[in-house]
Each structure stands twice: as C-alpha cells, then as structure tokens.
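**Q** coords below, sequence missing:
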C-alpha cells in the first residue's frame, strides 16, 4: 500500500504540471492502455467513475472457460474478480455446462471505455454469456464471430427455449458468493427464478432486473478495500415483485419520464473529472 501511495503521489505531481488545456476524454486515455501497471491491487472510485491499479489478466483460455472478443482487451480485473470467475466456471460444470464464456471485464487500468459500458471501470464487473459453451477450443477468430443467445422469447415477457434449470443454478451459485454485491439480468430471467425457487430465497435479493441483459448476466463484486465507493445494498426482500413490474411495464409502458438535461454518459468524462488517483495512474 505504501508503494502504491508513492506511485500515485508522483503521478499527481505530474498531473499538476499539465496545462489546463491538456484534459482529454478519459475513455481515450484509459482505452489506449494495453497492460496493467502491475502495482498493488486497488479498485478506485465508483463502478461508473473510477479506475483500477494492479488489475490482472484472466487467461484467454482455461480448463473451464474461454474469454470472448479478445480484440477488446477487456479481460482484466481485480484479482478477486479473476478468482471468482475461475471458480464459477468450475461450478458450471456441476450443472451440465462445459464451463463459461466470459465477456467484458475491465480494461488493464480500468476507467471509462471507448465503446459500450457505463460501468466496468474499477475491475469488479464482468459479463458472463448465457450461451452454454458448445466448445472450449474456439480460435481467436471464432470468438470474434460467435454470438450468445437470448434467454428471453420475442416479445420480452417470457423465457426462450434456451432458459434452463442450469442457468438458474449458475446464477444462484454466483449470487451465493459473499464477494458478489449484485447481479444484473433481464427481469424475465429473474421472474423465472422467483417462480422456480423452492429453497432459500435470500440470494434472490442480489439478482437485480435490468434491460439489455438477456444474452448475458453481469456480476458485480463488492469493494474489497477502502479505495472505492460501494453501491448501496439491494433493497430488502427478494425483489420478485419489482421484476414482475418490469415485465408489466413492457406490456403496458408507463409514461416516459422527461430526460434529465444534466445526465451524462461516463464516456463523456474528462480525465480531470475522475478521482485524482486515477489521473495519477496515467500521467506518471
């Protein structure tokens, strides 16, 4: 930790020396990083406004996983995230899958991405494909072309034929891990889990409904140190009524709220708007 503080302090001095005009988009700075700084692991800031020190790379292929879309160079994360993904991929074999296809994690130094996600910035988020791997021997080229499959049928109110008890079991296993803060998934999948669960329902609280998560589910770990800002805990209860309301809103859409004129996507953030420790990582 003392070494990390020294590195960050040196970087802050360099940042202070930059002219005011030298304030690029943070996504361009962090998106250009090709490797981690190799320092002590630290998640810095918030999931959608931060960065990461000491990220490690999940190997492209393992006995029970493959990383997809290798060209993105987003298979980096806090060591705890990498350990979690390897462990969950092993658990997946207990439910009839060969393992897991791992989608985007984080960039080498975290931070905003040039395309895609608002979060995934501090090395604690990962997308896991809903597609049971037909093979764990895909080439790099094949991993760029193959697509996942949706667990939601056309119309968005019922599961597709792909949804299975094994999906439920893998999501349950992920949510039961104490390091997991929450899991984002389509409300149809959440309701299917609510309807099928006959045992302990406590883990369902972590399964949170969200749109555009029918081809993958998004795991978020809690902050492992004092350097990052944790998300508020999920609301009390199993959240099943909330997920059902999401589906009802698809059938009978409520009146849309007016857009927030102050809303900004994290991809629009300037480097100076990130935590000072993040500026230090890329200006030393």
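**A** Thanks, I have it. Remember, predicted model here, so these are calculated numbers, not experimental data.
**Q** drop to CA atoms for contacts and neighbour counts, all remaining ones
**A** Noted.
**Q** Specify the local secondary structure of residue 226.
**A** coil (DSSP: H, G, I helix; E, B strand; the rest coil).
**Q** what number of residues lie near it?
**A** For residue 226, the neighbour count with other Cα atoms under 10 Å is 11.
**Q** need the contact list for it.
**A** Residue 226 sits next to no residue when contact means Cα atoms under 8 Å, 6 or more residues apart in numbering.
**Q** any idea which helix or strand carries residue 85?
**A** helix 79-92 (DSSP states H and E).
**Q** Check which helices and strands that helix sits against.
**A** strand 56-57, helix 165-176 (3 or more Cα pairs under 8 Å, 6 or more residues apart in numbering; DSSP states H and E).
**Q** what does stretch 178-187 rub up against?
**A** With Cα under 8 Å, 6+ apart, stretch 178-187 has contacts from 152, 174-175, 206-214, 216-222, 231, 233-234, 243-244, 246-247.
**Q** just the buried members of those?
**A** When the contacts of stretch 178-187 are checked for burial by 16 or more other Cα atoms under 10 Å, the buried set is 152, 174-175, 206-210, 213-214, 216-222, 243-244, 246-247.
**Q** What ranges does the stretch 1-150 of the chain have for its strands?
**A** Remark: strands assigned in the stretch 1-150 of the chain by DSSP state E, counting those that start in this stretch are 42-46, 49-53, 56-57, 61-62, 65-67, 76-77, 100-102, 125-129.
**Q** Same check on the stretch 151-284 of the chain?
**A** 180-185, 207-209, 216-221.
**Q** The shortest one pairs with which strands?
**A** By that I understand strand 207-209. Strand 207-209 has these partner strands in its sheet, going by DSSP bridges: strand 180-185 (parallel).
**Q** got the angle between the partner strand and helix 79-92?
**A** 60 degrees (axes from the mean of the first three to the mean of the last three Cα atoms, to 10 degrees).
**Q** check contacts around the spatially most central residue of the chain.
**A** The chain has residue 125 as the residue nearest its centroid, 2.7 Å off, counting by Cα atoms, centre = their mean. Going by Cα under 8 Å, 6+ apart, residue 125 touches 47, 77, 81, 105-106, 119, 218-221.
**Q** before we move on, back to that, okay if I get the strands of the stretch 1-150 of the chain as JSON lines plus mean pLDDT?
**A** What follows is the strands of the stretch 1-150 of the chain, written out as JSON lines (pLDDT from 0 to 100):
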{"stretch": "strand 42-46", "mean pLDDT": "97"}
{"stretch": "strand 49-53", "mean pLDDT": "97"}
{"stretch": "strand 56-57", "mean pLDDT": "98"}
{"stretch": "strand 61-62", "mean pLDDT": "98"}
{"stretch": "strand 65-67", "mean pLDDT": "98"}
{"stretch": "strand 76-77", "mean pLDDT": "98"}
{"stretch": "strand 100-102", "mean pLDDT": "99"}
{"stretch": "strand 125-129", "mean pLDDT": "98"}
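**Q** Give me whichever of the ones you listed is most buried.
**A** strand 76-77 (a mean of 30; mean count of other Cα atoms under 10 Å).
**Q** which residues are in contact with it?
**A** 55-58, 82, 105-108, 110, 122-125.
**Q** go on, stretch 241-259?
**A** 156-157, 187-188, 190-191, 208-209.
**Q** repeat for stretch 149-166
**A** Residues outside stretch 149-166 that contact it (Cα under 8 Å, 6+ apart) are 95-97, 130-131, 186, 188-189, 192, 214-216, 247, 250-251.
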